[in-house]
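Student: sequence and computational prediction follow.
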Amino acid sequence: MNYYVDIHSNLLPELAGLGNRPMTETEAAARISELQESNIKQAVAAPYFDPAAMPAEDFLALRDAKLAALSETAPPMRIVGGAVLPFSYCLAHARALQPFAVGGSSYFLIDLPAEPIRGTLCEDLSRLRIVSGMCPIAADADRLFDLWTPEDWIALKQAGILLQISVNGLLRQEHRKLTLYLLVNEYAHFVATGSREVEQPLHFADAMRILQRSLPSQNYRRVKNNAGMLLSNAEPSAFL
């Protein structure tokens, strides 16, 4: 049986996901059940951190309290903490990002600005890696498919930035071809539930079946296993 790891999931009540509203307790419980039915053995609860809404300390305390409350309902699935961080916040607080890391690893999810990739952006991202001592993962890169050019993908790869694509990138016909191209050529590295609308079924297993049917077996296994390697804190060179 296939078991999966989801590195970017919206499943904590009262905390909004990237581009989504906060979930209710009932919706969060239903989301967890759906993840379990999708054979996800480990998920990263990664709400969006809005520094204008609350201080970082309050956000982290609320996230951790919500995580603790799930401890009795989630097994056998394991849920660990994470967050999606605004690009500007990461630049201003590069030395204080570890509490937001994906499952306590040396990686963090970042919401890149909705604009083409300029030279200064890649320079900032490279500097961010050095100063933070951590590796950024662009969250839900498929949201920016209409903005980025092939040159942008190359620039991001050269800057050493990892890309996570949501299930929408595979489920939506208009995005599927580009998603598969980016994954098979290692411009993108992870598939996660991401910012799927709260009202929509996740269809994570369906997205992974599309991936399995569409990619050579070795490429599919690599993409599938990348998420587990990330939570094992593999070196960035393992993905690039």
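Tutor: Received it, and whenever you're ready, just let me know what you need.
Student: so what's the residue count around residue 111?
Tutor: Burial of residue 111 is recorded as 21 neighbouring residues (other C-beta atoms under 10 Å). (Each C-beta comes from the backbone N, C-alpha and C, glycine too.)
Student: for residue 231, see how far away the closest residue to residue 158 other than its chain neighbours is.
Tutor: Leaving out its chain neighbours, the residue that sits closest to residue 158 by C-beta to C-beta, 6 or more residues apart in numbering is residue 122, at 7.3 Å. Taking C-beta to C-beta, to the nearest Å as the measure, residue 122 and residue 231 are separated by 27 Å.
Student: repeat that for residue 92.
Tutor: With distances defined as C-beta to C-beta, the gap from residue 92 to residue 231 amounts to 27 Å.
Student: who's more crowded, those two?
Tutor: Set residue 92 next to residue 231 and count neighbours by other C-beta under 10 Å: residue 231 wins out with 19 against 10.
Student: what are the ranges of the strands in this protein?
Tutor: With DSSP state E as the criterion, the chain has strands at 4-9, 40-45, 78-81, 84-86, 107-111, 135-138, 162-166, 190-192.
Student: where does the protein dip in pLDDT?
Tutor: Of all residues in the chain, those with pLDDT under 70 make up the ranges 1, 74.
Student: roughly how far apart are the closest residue to residue 16 other than its chain neighbours and residue 12?
Tutor: Distances taken as C-beta to C-beta, 6+ apart put residue 22 closest to residue 16, at 4.7 Å, once the chain neighbours are dropped. Distance, residue 22 to residue 12, by C-beta to C-beta: 8 Å.
Student: please apply the same query to residue 152.
Tutor: Using C-beta to C-beta, residue 152 is found at 32 Å from residue 12.
Student: the more surrounded of those two?
Tutor: Neighbours around residue 152 and residue 12, counted as other C-beta under 10 Å, are more numerous at residue 12. The numbers are 24 against 18.
Student: without its sequence neighbours, what residue ends up closest to the more buried one?
Tutor: Taking C-beta to C-beta, 6+ apart as the measure, residue 12 lies nearest to residue 66, with 4.3 Å between them; neighbours along the chain are not counted.
Student: need the contact list for the one you found.
Tutor: For residue 66, the set of contacting residues under the criterion of C-beta atoms under 8 Å, 6 or more residues apart in numbering consists of 12-15, 45.
Student: residue 20 too?
Tutor: For residue 20, the contact set (C-beta under 8 Å, 6+ apart) comprises 10, 48, 195, 197-198.
Student: what do you get for residue 174?
Tutor: Contacts for residue 174 (C-beta under 8 Å, 6+ apart) come out as none.
Student: same check, this time on the one 5 residues further on
Tutor: Contacts here follow C-beta under 8 Å, 6+ apart; on that basis residue 179 touches 142, 165, 169-170, 188.
Student: which parts of stretch 153-161 are buried?
Tutor: By 16 or more other C-beta atoms under 10 Å, the buried positions in stretch 153-161 come out as 153, 155-157, 159-161.
Student: just these now: which is nearest residue 81?
Tutor: Ranking those by separation from residue 81, with C-beta to C-beta as the measure, puts residue 161 on top at 21.9 Å.
Student: was I right to think that closest one contacts residue 134?
Tutor: No. Counting by C-beta atoms under 8 Å, residue 134 is not a contact partner of residue 161; they are 11.9 Å apart.
Student: out of the contacts of residue 66, which are buried?
Tutor: Neighbour counting by 16+ other C-beta under 10 Å classes 12-13, 15, 45 among those as buried.
Student: out of those residues, which is nearest to residue 5?
Tutor: Closest approach to residue 5 among the buried ones among the contacts of residue 66 (C-beta to C-beta): residue 45, at 12.9 Å.
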